[in-house]
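> What follows is a predicted protein model with its sequence.
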Amino acid sequence: MKITKPIEDILNKQIAYEFEAAYAYLSLAAALGSTPYAGFAHWMRLQYEEELEHAMKLFDYIQERQGCVKLLKFEYPTYTIKTPLEAFKIAYDLEVENTQHIHDAYALSLKENDLPSQVFLQWYITEQVEEEDNCQKMIEALELAGTSLGALFTLDRQAGSRK
Ligand code: OFO
């Protein structure tokens, strides 16, 4: 069944939000890349790649439902951060904002009685729970580490082992 116009529009917007998130993570990777924290920079770069996958999953889904993909403009921030903690707080806020966009899309799929989109968007709902949690856990660990260079080094190594 062909996708309805309101669903097509909101999913096209979501593609832009995912690219926006990807760019934000890449920007954070760049900012952390000029600090000694190579592990956190690596973590952000992997997250950039995940966000691109999220965008392309939407791209493919719209086409599978005989919809029309429209690439919309999006904002891309440049961050000047001094600490990994600042970077992860930005990432967390970004994830909370994106969760809201996903929930809006899901609410619309209920209103439109679009069952395939409800199933499709459930993957994103679960993913957002995980991504908010990942950022929150990192924030808590970084807050605990405080200014201890040893603890920060260990966390950086852990972040650098992310695959
Ligand atoms: Fe696309 O999951 Fe984060 O934002």
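Noted; the coordinates are in hand. Numbering: from 1, shown residues only.

> alpha carbons only for contacts and neighbour counts from here, please
OK.

> tell me what the lengthiest helix in the chain is packed against?
Scanning the chain for the longest helix, with DSSP state H as the assignment, gives helix 115-145. Counting contacts by 3 or more Cα pairs under 8 Å, 6 or more residues apart in numbering; DSSP states H and E, helix 115-145 packs against helix 84-111, helix 149-160.

> With mean pLDDT and mean neighbour count as added columns, please give those helices in JSON lines.
As requested, these are arranged in JSON lines below (pLDDT from 0 to 100; neighbours: other Cα atoms under 10 Å):
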{"stretch": "helix 84-111", "mean pLDDT": "98", "mean neighbour count": "18"}
{"stretch": "helix 149-160", "mean pLDDT": "97", "mean neighbour count": "16"}
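
> The ones you listed: which one's closest to the ligand?
Evaluated over the helices and strands packed on helix 115-145, closeness to the ligand peaks at helix 84-111, with 4.7 Å, by Cα to the nearest ligand atom.

> my guess is Lys2 contacts Gln66, does it?
Yes: if you go by Cα atoms under 8 Å, Lys2 and Gln66 touch, sitting 5.4 Å apart.

> more neighbours, these two?
Regarding Lys2 and Gln66, a neighbour count based on other Cα atoms under 10 Å identifies Gln66 as having more, with 14 against 11.

> distance of the closest residue to Met138 other than its chain neighbours from Asp156?
Beyond its immediate neighbours in the sequence, the residue positioned closest to Met138 (Cα to Cα, 6 or more residues apart in numbering) is Phe88, lying 7.0 Å away. Here Phe88 is placed at a distance of 12 Å from Asp156 (Cα to Cα, to the nearest Å).

> What angle do helix 84-111 and the helix or strand Ala30 falls within make with each other?
Secondary-structure element containing Ala30, defined by DSSP states H and E: helix 5-33. Taking axes from the mean of the first three to the mean of the last three Cα atoms, to 10 degrees, helix 5-33 and helix 84-111 form an angle of 170 degrees between their directions.

> if we can go back for a sec, list the buried residues for the longest helix of the chain?
If you call a residue buried by 16 or more other Cα atoms under 10 Å, then helix 115-145 has these buried ones: 117-118, 121, 124-125, 128, 131-132, 135-136, 138-139, 142, 145.
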